[in-house]
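Participant: mind folding the following:
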Amino acid sequence: MLLLALAIAPGLAIIIFIYWKDKFDREPKRLLSFSFLLGALSIIPAIILEVCFSNYPNSIPIYLLSNAVKAILIVGLAEEGSKYFMVRYFLYPRKAFNEPFDGITYCVMVSMGFATVENIMYVMDSGMQTALLRMVTAVPAHATFGIVMGYYLGLKKFDTKNQNYGLKALGYAALLHGAYDFFLFINYYPGMAIGAVLSLRYGIIFSRKAILLHQHASPFKTVE
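Facilitator: Model prediction:
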């Protein structure tokens, strides 16, 4: 039970944080719960896609390139693509999606649904050390991927001047996810894990700016 609690806790903490940051027009709790469930379900197509294409990188003779393809085009694109599909087709059309920050809210909820299921699988298999490590790495990383995606989906819905925002939402989230995983895949080279830490740091910096920008852009913000 302790391991299960540790596996669930980081995702729950991030959900509460994003809900608190959505200051001006908070989303219905039922819809947020639905978003989390969609994220949990999105792990199924992601696993299927990863399994179907898992042998492709092995055909690439250059080792670092094969790992980059696996990290970005297989894992990153499959996982972020599955999340994107859930948000774009089940949440984006909702009337409750009525301000730019909602893109961040819904994408993070879906990401935390995905990350929580994934975290339970890893933690229950590998134990306490994995639970503590992923609490400060993998789960926050998934949150940053969700914020990147949500930032651009928020722009897509409310800034009609640039319809490439949808492509950016998926592409940048998959690229950031892939960069994080790439350094973990080659971790047996000394010091390579620092690349994953730097990727996570960049994601956090971007996330802080994205949250502030969409807070300021809210049409529900009270004029002081």
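Participant: hey, let's count contacts and neighbours off CA atoms from now on
Facilitator: OK.
Participant: can you count the residues close to Val87?
Facilitator: Around Val87 sit 25 other residues, with neighbours defined as other C-alpha atoms under 10 Å.
Participant: my read: it touches Met109, true?
Facilitator: No: assessed by C-alpha atoms under 8 Å, Val87 is found out of contact with Met109, at 9.5 Å.
Participant: intersection of neighbour lists for the two?
Facilitator: Ser35 (C-alpha atoms under 8 Å, 6 or more residues apart in numbering).
Participant: which residues does stretch 71-81 contact?
Facilitator: Identification of contacts with stretch 71-81 by C-alpha under 8 Å, 6+ apart yields 42-43, 45-47, 49-50, 53-54, 145, 170-171, 173-179, 181-182, 185.
Participant: okay, it in CSV with CA atoms only?
Facilitator: This file holds the C-alpha atoms of stretch 71-81, laid out as CSV (Å, rounded to 0.1, in the frame of the first residue of the first chain):
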residue,chain,number,x,y,z
ALA,A,71,13.4,8.1,-28.1
ILE,A,72,11.7,10.7,-30.3
LEU,A,73,9.9,9.0,-33.1
ILE,A,74,8.9,5.8,-31.3
VAL,A,75,8.5,6.5,-27.6
GLY,A,76,8.0,10.3,-27.6
LEU,A,77,5.7,10.4,-30.6
ALA,A,78,3.7,7.4,-29.5
GLU,A,79,3.1,8.5,-26.0
GLU,A,80,2.5,12.2,-26.7
GLY,A,81,0.5,11.4,-29.7
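Participant: kindly export stretch 179-195 (C-alpha atoms) in PDB.
Facilitator: Provided in PDB are the C-alpha atoms of stretch 179-195 (Å, rounded to 0.1, in the frame of the first residue of the first chain):
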ATOM      1  CA  ALA A 179      15.200  14.400 -25.600                       C
ATOM      2  CA  TYR A 180      14.600  13.300 -22.000                       C
ATOM      3  CA  ASP A 181      14.400   9.600 -22.900                       C
ATOM      4  CA  PHE A 182      17.400   9.700 -25.300                       C
ATOM      5  CA  PHE A 183      19.800  10.600 -22.500                       C
ATOM      6  CA  LEU A 184      18.300   7.800 -20.300                       C
ATOM      7  CA  PHE A 185      18.700   5.300 -23.100                       C
ATOM      8  CA  ILE A 186      22.400   6.000 -23.400                       C
ATOM      9  CA  ASN A 187      23.000   6.300 -19.600                       C
ATOM     10  CA  TYR A 188      25.700   3.700 -19.600                       C
ATOM     11  CA  TYR A 189      28.000   6.400 -21.100                       C
ATOM     12  CA  PRO A 190      29.400   8.300 -18.100                       C
ATOM     13  CA  GLY A 191      27.500  11.400 -17.300                       C
ATOM     14  CA  MET A 192      24.800  11.100 -19.900                       C
ATOM     15  CA  ALA A 193      22.000  11.200 -17.300                       C
ATOM     16  CA  ILE A 194      22.800  14.900 -16.800                       C
ATOM     17  CA  GLY A 195      21.300  15.400 -20.200                       C
END
